[in-house]
Every structure is written in structure tokens, then in C-alpha cells.
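Visitor: how does the following fold in three dimensions:
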Amino acid sequence: RLAKERAEADRVRLAKEEADRSEKRVAEFELTHTVCPTNAIALYQDKAAKGDPIAQYFMGKALLWGIGCETNASMAYAWAKKSADSGFATGINLLGACYLEGAGVEKDPLTAYEMFEKAADGGSLLGKRNAGECCLKGEGVAKDEKKGETLIKEAAEGGLVIAMLNMGYLRMGSKEYKKAASWFKMAMEAGSLEGKGMFVVAKSRESIAKESDAELQKLRNVCDEIVGAGNGAFTRGEIASAYCILAEMAQKDNNLILELDMYERADEFGTYCSRKREIEEELAKKYSKSTILAMKKKLHQNKRQIGV
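Guide: Predicted coordinates:
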């Protein structure tokens, strides 16, 4: 009897270890491979037809969102279902998205939530994040903001960038800007441009007075990248926030001309700061108009000046 119990305990332990390994593989896949290539149809069509669940997932995702091809909801659903039927957790999550969107199948939030939960149980961080979103909004499940945030937080801590961004926005909504900045910074360090832009927005909502010199330099570097990026990489609000932070740094350095210039640039991107008027009045008391213009001209001639 004792030997039987030990054998059963070993079987349960081994099954759990295999399940843990499976969940880890799914999570690792999502963190590195779920960005759908624009040529997914050409890359994966043959493999998908032969039953490869990963290829089927990419086919479904490309067709659902029109990545490198025309959208085709019915085909997207068909491929997502094939991938999900194989037990592939990321495919199950995609199937949930089809039910949530009503893509190729009747819209069914309840089934969508069930799919997201099943995907999460199979190790899908995307499934966990999406289940959390459903809880926050009350889609397919009773609204439960606490549970929703917990699920999203777990997905973020697991390394899922979109969940990090979600946590940042949740903290922005509750005006906890320091916590928001921490989440956006995590997303930024994972390579997210949105995370970088929103990190600066969150930092602009709190004082930088207590930041260390090392942290200030890192923040300055991020702001420099944002204002110099061009090509629509960042929103007007994100660029304005970067200029506001650079202005605050100039104030810390007692550089009124640079501070004014940064606020003027922020103004150009739609963010006006009352401090700008204070600087103008302070400069007017100290210098003539021609001197102020000469100081500005000299500043703009400096090749190290931000954005020049």
C-alpha cells in the first residue's frame, strides 16, 4: 500500500512539474514571439495546413487584425479554433478574442472570458491579462476591479509589456504618478516606445527635486530621445511633457534662458505652463529685450541644445 501511495505521489509530482514546464514555455513564447510578422500568411500557411498550432495561431492573428493582409474574420476564427483545439494556450487566447470581438462567430463575452481563463490556466500571460480586462469592465463576468487588477498585475510581473502599460494607465487614473512611472519605466526598459512616452508624462506630473543626479541624467537622456525622435514616434503630449521636464531641470540649474526655451517648446506642442510668464517677468527685470534676444540666439546656436 505504501509503495502504491508513493507511486501516486510521484505521478502527481511529475505531472505538476510537466504542467509548470508547459506554462513556462507558453509564457516564454508569448514574450518573444507573439508580434505577428507582416508576411505571416506566406511564412506560416503551409505549416498551418499541416497542423502546426503556432502557425495556425499566426494565421488567425494576421487575418483577425489585417496584419500584412486583408482582414477575414471567418478565416481568422477558423485558424484560431484549430490552434485552440490542439491545446495551445496562446491559440486559446486568440479564440477568446474572436468571441469577444464577434469575429467570425457570434459575439459571446461569456465564452470569451472562459477562453481567456483557460488560456491563463495553460500559462498564457495574454490570457491572464485579457481575463483581467474582462473583470475590470464586467465583460462576460461580474465586474470585479480588484480581481481584474490582480490578474493584470500578475501578467505584468511575468513580463508582458501590454500588461505593464495597463498597470501604468490604471495608476495614472488614480493619480498615483510615482507608481505609474514605475510601470511605464518597466515597459520602456522592455523596449516599448509607448512606455517611454508615458514614463515621461507620468514623471512630468511629479516633482523631480528629490531625484539623484544619476536618475536625473537617465531621465534627461530619455527626454532628449523623445524630443529628438521625429517621424511621429511620440505624441504631442509626450513631447510636451519631455520639454516640461527639461525645463524643470534647467530651473534646477538656474538657467533661466534654457528653462524659458523649453517651456516655449512645450507650448508649441500644446502644453502651457504658468511658470513661463514668471520667467519672462524675471528676465525683463534683469535684461533689456535686445539682450534677451541675443541670449536666446546664442542658446540656439549651441549644437548641444536639445532638439536642434
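
Visitor: Ile67 versus Tyr99, what's the distance?
Guide: Between Tyr99 and Ile67 the distance, using C-beta to C-beta, to the nearest Å, works out to 20 Å. For the C-beta atoms, the positions are set from N, CA and C on the backbone; glycine is no exception.

Visitor: quick check: Ala40 touching Gln56?
Guide: No. Counting by C-beta atoms under 8 Å, Ala40 sits too far from Gln56 to count as a contact (11.0 Å).

Visitor: of those two, who's got more company?
Guide: With neighbours defined as other C-beta atoms under 10 Å, Ala40 and Gln56 compare such that Gln56 has more, 27 against 21.

Visitor: residue contacts, the more buried one?
Guide: Applying C-beta atoms under 8 Å, 6 or more residues apart in numbering, one finds that Gln56 lies in contact with Tyr44, Ala48, Trp79, Ala80, Lys82, Ser83, Ser86, Phe88, Gly91.

Visitor: can you put those residues in JSON lines and add neighbour count, pLDDT and secondary structure?
Guide: Supplementary listing: the contacts of Gln56 in JSON lines, determined by neighbours: other C-beta atoms under 10 Å; pLDDT from 0 to 100; DSSP: H, G, I helix; E, B strand; the rest coil:
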{"residue": "Tyr44", "neighbour count": "23", "pLDDT": "93", "secondary structure": "helix"}
{"residue": "Ala48", "neighbour count": "22", "pLDDT": "96", "secondary structure": "helix"}
{"residue": "Trp79", "neighbour count": "29", "pLDDT": "98", "secondary structure": "helix"}
{"residue": "Ala80", "neighbour count": "31", "pLDDT": "98", "secondary structure": "helix"}
{"residue": "Lys82", "neighbour count": "22", "pLDDT": "98", "secondary structure": "helix"}
{"residue": "Ser83", "neighbour count": "29", "pLDDT": "97", "secondary structure": "helix"}
{"residue": "Ser86", "neighbour count": "15", "pLDDT": "95", "secondary structure": "coil"}
{"residue": "Phe88", "neighbour count": "23", "pLDDT": "95", "secondary structure": "coil"}
{"residue": "Gly91", "neighbour count": "28", "pLDDT": "97", "secondary structure": "helix"}
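
Visitor: taking those residues as a set, which two sit the farthest apart in space?
Guide: Taking C-beta to C-beta as the measure, the contacts of Gln56 reach their widest spread between Tyr44 and Ser86, a distance of 14.3 Å.

Visitor: follow-up on the earlier one: output the contacts of Gln56 as TSV; include the columns distance to Glu194.
Guide: As requested, the contacts of Gln56 are exported to TSV (distance: C-beta to C-beta, whole Å):
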residue	distance to Glu194
Tyr44	27
Ala48	30
Trp79	28
Ala80	26
Lys82	32
Ser83	27
Ser86	32
Phe88	28
Gly91	26
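
Visitor: what separation do you get for Cys244 and Gly197?
Guide: Using C-beta to C-beta, one gets 13 Å for the distance from Cys244 to Gly197.

Visitor: no wait, Leu64
Guide: As it turns out, when the distance is counted by C-beta to C-beta, Leu64 lies 27 Å from Gly197.

Visitor: what's the answer for Gln45, then?
Guide: For Gln45, the distance to Gly197 (C-beta to C-beta) stands at 36 Å.

Visitor: so between the two, which is more surrounded?
Guide: Applying other C-beta under 10 Å to Gln45 and Gly197 shows that Gly197 carries more neighbours, namely 23 against 15.

Visitor: in which helix or strand would I find Ser241?
Guide: helix 236-252 (DSSP states H and E).

Visitor: from the chain's centre, how far out does that helix sit?
Guide: On the basis of C-alpha atoms, centre = their mean, to the nearest Å, helix 236-252 is displaced by 22 Å from the centre of the chain it belongs to.

Visitor: with stretch 48-55 instead?
Guide: In terms of C-alpha atoms, centre = their mean, the gap separating the centre of stretch 48-55 from the centre of its chain is 29 Å.

Visitor: same question for stretch 140-151.
Guide: In terms of C-alpha atoms, centre = their mean, the gap separating the centre of stretch 140-151 from the centre of its chain is 20 Å.
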